[in-house]
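K.L.:
Provided below are the primary sequence and the corresponding predicted coordinates.
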Amino acid sequence: MKGSGLSNTLKKTYKKLFKAFSRQYWWPGRTQFEIIVGAILTQNTAWTNVEKAIKNLKKAKVLYPRKMHDLSERELAKLIRPAGYFNIKAKRLKHFLNYLFDKYSGRLDKLFKKRTDKLRRELLLVNGVGMETADSILLYAGSHPIFVVDTYTKRILSRHMIISEDANYDEIQDIFMKNLPHDVKIFNEYHALFVKLGKDFCRNRKPLCSKCPMM
DNA sequence: TGCCAGGCCGGGT
DNA sequence: ACCCGGCATGGC
């Protein structure tokens, strides 16, 4: 599919989803730091499990960069247990915090002042932060205009023949970045709508294609 | 009761 | 440049 056709398809799809589901009010988290922590905890994990972990962190009053940085890895792992992969995720959170304190003295406002492309490259150097996590942090915590691609995005687009089965992350992201205005609100809402559609109608186990608003 | 969930890394080919 | 096993809890 070529340029203008694709652009129209993406805009129509957005309108269809927005009409079906309306605003999603993402990211489900208030502070920038909570969003970053959630982005790491939700890696290949159901959000309901992440919520339990976040609740533990709040109850322990460690959902702040300084407090979590001071916490031992073992203690952190214990608190985030319900999110699964708790040992490796505790390491990943620590890696991010080490980076944040080494380079930005623990200040997220400083971190997010960096240019989008430079910051993205930096985030990808943090062990445990891959492309989706980096882009989620950029868009939802930092309000940088970048499109987040996840399994739902891939599954939905490939099932609807808009992309091929084996399209990789960058290719899919490019489709959106090259065919939509670079608008934080649009990128935010679009990805959230894909997740909503994915959860309700496009699970791997139980697809509900007959009722899918895309059809 | 097995399979899956808003990935990513490290080692192998 | 891919491909694969490992990481782990909770819900349906």
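P.N.:
Cool, the structure landed.
K.L.:
residue contacts, whatever residue of chain A ends up closest to DNA strand C?
P.N.:
Closest approach between chain A and DNA strand C, counting by CB to the nearest atom of the strand: residue A:84, at 2.6 Å. Backbone N, C-alpha and C define where each C-beta goes, glycine included. Contacts for residue A:84 (CB atoms under 8 Å, 6 or more residues apart in numbering) come out as A:45, A:49.
K.L.:
okay, it: pLDDT?
P.N.:
For residue A:84, the pLDDT comes out at 98.
K.L.:
again with the one 4 residues further on
P.N.:
pLDDT, the model's per-residue confidence, is 98 for residue A:88.
K.L.:
Repeat that for the one 10 residues further on.
P.N.:
Note for residue A:98: predicted pLDDT of 98.
K.L.:
and if you look at the one 10 residues further on?
P.N.:
Residue A:108 is assigned a pLDDT of 98 by the prediction.
K.L.:
likewise residue A:215?
P.N.:
On the pLDDT scale, residue A:215 is placed at 88.
K.L.:
how many neighbours does the residue lying closest to it once chain neighbours are set aside have?
P.N.:
Nearest residue to residue A:215, sequence neighbours excluded (CB to CB, 6 or more residues apart in numbering): residue A:209, at 6.6 Å. Residues lying near residue A:209 (other CB atoms under 10 Å) number 11.
K.L.:
do residue A:150 as well
P.N.:
What residue A:150 shows, counting by other CB under 10 Å, is a neighbour count of 19.
K.L.:
tell me the contacts of whatever residue of chain A ends up closest to DNA strand B?
P.N.:
Distance from DNA strand B to each residue of chain A (CB to the nearest atom of the strand) is smallest for residue A:130, at 2.2 Å. By CB under 8 Å, 6+ apart, the residues touching residue A:130 are residue A:124.
K.L.:
roughly how far apart are it and residue A:206?
P.N.:
From residue A:130 over to residue A:206 the distance is 27 Å, taken as CB to CB, to the nearest Å.
K.L.:
again, but for residue A:192
P.N.:
Relative to residue A:206, residue A:192 is positioned 21 Å away (CB to CB).
K.L.:
more neighbours, those two?
P.N.:
residue A:192 (20 against 7).
K.L.:
For residue A:119, see how far away the more buried one is.
P.N.:
Residue A:192 sits at a distance of 22 Å from residue A:119 (criterion: CB to CB).
K.L.:
cool, and residue A:90?
P.N.:
Separation of residue A:90 from residue A:119 (CB to CB) stands at 24 Å.
K.L.:
Compare the two (neighbour count), which wins?
P.N.:
Neighbours per residue, other CB under 10 Å: of residue A:90 and residue A:119, the larger number sits with residue A:90, 25 against 19.
K.L.:
Thought residue A:71 was touching the more buried one, still the case?
P.N.:
No: Residue A:90 is beyond contact range of residue A:71, at 9.2 Å (criterion: CB atoms under 8 Å).
K.L.:
check contacts around the residue nearest to residue A:119 when sequence neighbours are not counted.
P.N.:
In this structure, residue A:119 finds its nearest non-sequential neighbour in residue A:138, 6.5 Å apart by CB to CB, 6+ apart. Applying CB under 8 Å, 6+ apart to residue A:138 gives the contacts A:116, A:119, A:120, A:123, A:144, A:146.
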